[in-house]
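J.: here is a sequence together with a model predicted from it:
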Amino acid sequence: MNDDAAQFQCRTKGDAVIDLQGARILQVIPALDAGGAERTTIEISRAIVDANGKAMVASRGGRLTDELDAIGAAFFQLPVDRKNPFDLVRNVYRLAALIKRHGIQLVHVRSRAPAWSALFAAQRCNIPLVATYHGAYSASSFIKNFYNSSMTRGDLVIANSQFTARTIRNFYGVPEQKIAIIPRGADLDRFNPKTTSAERVLAARRAIGVEADKAFLFLLPGRLTEWKGQRLAIDAFQRFLQDRPDRYNFLLALIGDEQGRHDYREALLRKIDGYGLNAQILIPGHFDDMPAAYLAADVILAPSLRPEAFGRVSVEAGAMGRPVIAAAHGGAMETVKDGETGFLFPPGDTSSLKAAMDELAWMSRRERENIGVLAQHWVKKRYSSAAMAKSTLAAYGRLLLISDLVGDGITT
């Protein structure tokens, strides 16, 4: 560890604001387009700046880079999204040069490919490396398993759920003292029904494609990819409509970026057309105002076919007071209280998803609102961005030998 780290000081007392006193922290992420890891990068950058630190991000870039500029974080465009072995080696030298040029004291990496480059760059510069395990990465072969292990070779591994922590321990034998469990949070200032105007909600419904004011809307947020469960939702919605005398009052919206998966989007459209539901199943694309989108809906769906390491949708929906129906695996087993803040169903089970949709649709608005209130209380208690940020800065402090922060908010 370098001399800067040894001299670094920070103060925090109880709930007082943490003062990083100029600490220079670099986050490394492949791109900044959309997604949970990308949004968390922005939130932690804001927390670093608010705590009097120097926030820096190295990435290929994307639509969220403007937000970094707005909060006073520095952005460095580097090709850290590339997975070619030659590019990984080049990125070692690029990152090491960046670290030395800007006096960076700690690196926090958020994806597997750049984790290899960041690991060797941090070692060359003798500074600590943090890696956040954002996903439940598949490891079907020795080579894949080795590739994934890049996320476990730094000084500290942040797991965004108990599920993720178990995965890390079981697959890689990482000792518990090297793992910090810091659940991803929802920005409760941004995801706040009280500050989301009726005009924004109306605009969201119109942008999604909802024309009738009283139409009941099921919303599935998530990038368009097979494992997010869009096909399953379409099948369940088609069955749901068969039992409804008022079937034309219901809509399903699949919002999210296709991220180059044009063929998958076309396959979804063909499936919708085959059911004759072009007017009732909508695919409006990427959506920026997610708080308004949640309030524009009546019920939120999170039917992922693979376990979500955390499940940002369930938490954001809860923060906005909307009941969620989620597949019962991964992080959803922690973020959704079945029958209280939403409903869980067996992963991939169309009939069970349809049954949960039935149950919430037959409820009165007041009954759904009561579930939403419980979801809000649950999220505020366990899953705020402020708590996540405080625990993350505490993890930085532990590595930078800041005794005031050691263990503050970290669960291991």
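T.: Cool, the structure landed.

J.: hey, let's count contacts and neighbours off CA atoms from now on
T.: Will do.

J.: residues contacting M290?
T.: Residues touching M290, when contacts are defined by C-alpha atoms under 8 Å, 6 or more residues apart in numbering, are absent altogether.

J.: I'd like to know how far it sits from N145.
T.: Using C-alpha to C-alpha, to the nearest Å, one obtains 35 Å as the distance from M290 to N145.

J.: got it, and Q238?
T.: On the measure of C-alpha to C-alpha, Q238 and N145 end up 39 Å apart.

J.: show me what counts as buried in stretch 107-122.
T.: Buried residues in stretch 107-122, counted by 16 or more other C-alpha atoms under 10 Å: 107-122.

J.: residues in contact with it?
T.: Identification of contacts with stretch 107-122 by C-alpha under 8 Å, 6+ apart yields 25-30, 37, 80-83, 88-89, 91-93, 95-96, 106, 127-134, 147-151, 153-154.

J.: average model confidence for stretch 216-234?
T.: Averaged over stretch 216-234, pLDDT sits at 96.

J.: may I have the distance across it, first residue to last?
T.: Terminal-residue distance, stretch 216-234 (C-alpha to C-alpha): 16 Å.

J.: from the chain's centroid, how far away is it?
T.: When distances are taken as C-alpha atoms, centre = their mean, to the nearest Å, stretch 216-234 is centred 16 Å away from the chain's centroid.

J.: quick revisit: mind checking which of Q238 and N145 has more residues around it?
T.: In this view Q238 and N145 are compared by other C-alpha atoms under 10 Å, and Q238 has more residues nearby, 20 against 15.

J.: a helix runs through that one, doesn't it?
T.: Yes: counting by DSSP: H, G, I helix; E, B strand; the rest coil, Q238 is part of a helix.

J.: quick one: it and L268, what's the gap?
T.: Counting by C-alpha to C-alpha, the gap from Q238 to L268 is 13 Å.

J.: with P30 instead?
T.: According to C-alpha to C-alpha, P30 stands 27 Å off from L268.

J.: same question for D288.
T.: In this structure, D288 and L268 are separated by 22 Å, where distance is defined by C-alpha to C-alpha.

J.: then D213?
T.: From D213 over to L268 the distance is 26 Å, taken as C-alpha to C-alpha.

J.: more crowded one of the two?
T.: Remark: of D213 and L268, L268 carries more neighbours, 20 against 10, as counted by other C-alpha under 10 Å.

J.: got the phi and psi for that one?
T.: Note on L268: backbone dihedrals following degrees, to the nearest 10 are phi -60, psi -40.

J.: secondary structure element for A121?
T.: helix 112-125 (DSSP states H and E).

J.: what's the answer for K271, then?
T.: Element membership of K271, judged by DSSP H and E, is helix 262-275.

J.: contacts for that helix?
T.: If you take C-alpha under 8 Å, 6+ apart as the criterion, helix 262-275 is touched by 224-226, 230-231, 234, 238, 258, 278, 281.

J.: hey, C-alpha coordinates of that helix in CSV?
T.: Extracted as CSV, the C-alpha positions of helix 262-275 are listed here (Å, rounded to 0.1, in the frame of the first residue of the first chain):
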residue,chain,number,x,y,z
HIS,A,262,-32.5,-6.8,-32.7
ASP,A,263,-33.2,-10.4,-33.5
TYR,A,264,-34.6,-11.0,-30.1
ARG,A,265,-36.8,-8.0,-30.2
GLU,A,266,-38.2,-9.1,-33.6
ALA,A,267,-38.8,-12.6,-32.2
LEU,A,268,-40.9,-11.0,-29.4
LEU,A,269,-42.8,-9.0,-31.9
ARG,A,270,-43.6,-12.1,-33.9
LYS,A,271,-44.8,-13.9,-30.8
ILE,A,272,-47.0,-11.0,-29.8
ASP,A,273,-48.4,-10.9,-33.4
GLY,A,274,-49.1,-14.6,-33.2
TYR,A,275,-51.3,-14.1,-30.2
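
J.: Provide a list of residues in contact with the residue nearest to A317 when sequence neighbours are not counted.
T.: Spatially, and ignoring its direct neighbours in sequence, A317 is nearest to Y294 (6.2 Å; C-alpha to C-alpha, 6 or more residues apart in numbering). Applying C-alpha under 8 Å, 6+ apart to Y294 gives the contacts 219, 300, 317, 320, 322.

J.: and the second one, helix, strand or coil?
T.: Going by three-state DSSP, the secondary structure assigned to I300 is strand.

J.: for it, list each beta-bridge partner.
T.: Counting by DSSP bridges, I300 forms beta bridges with L219, V324.
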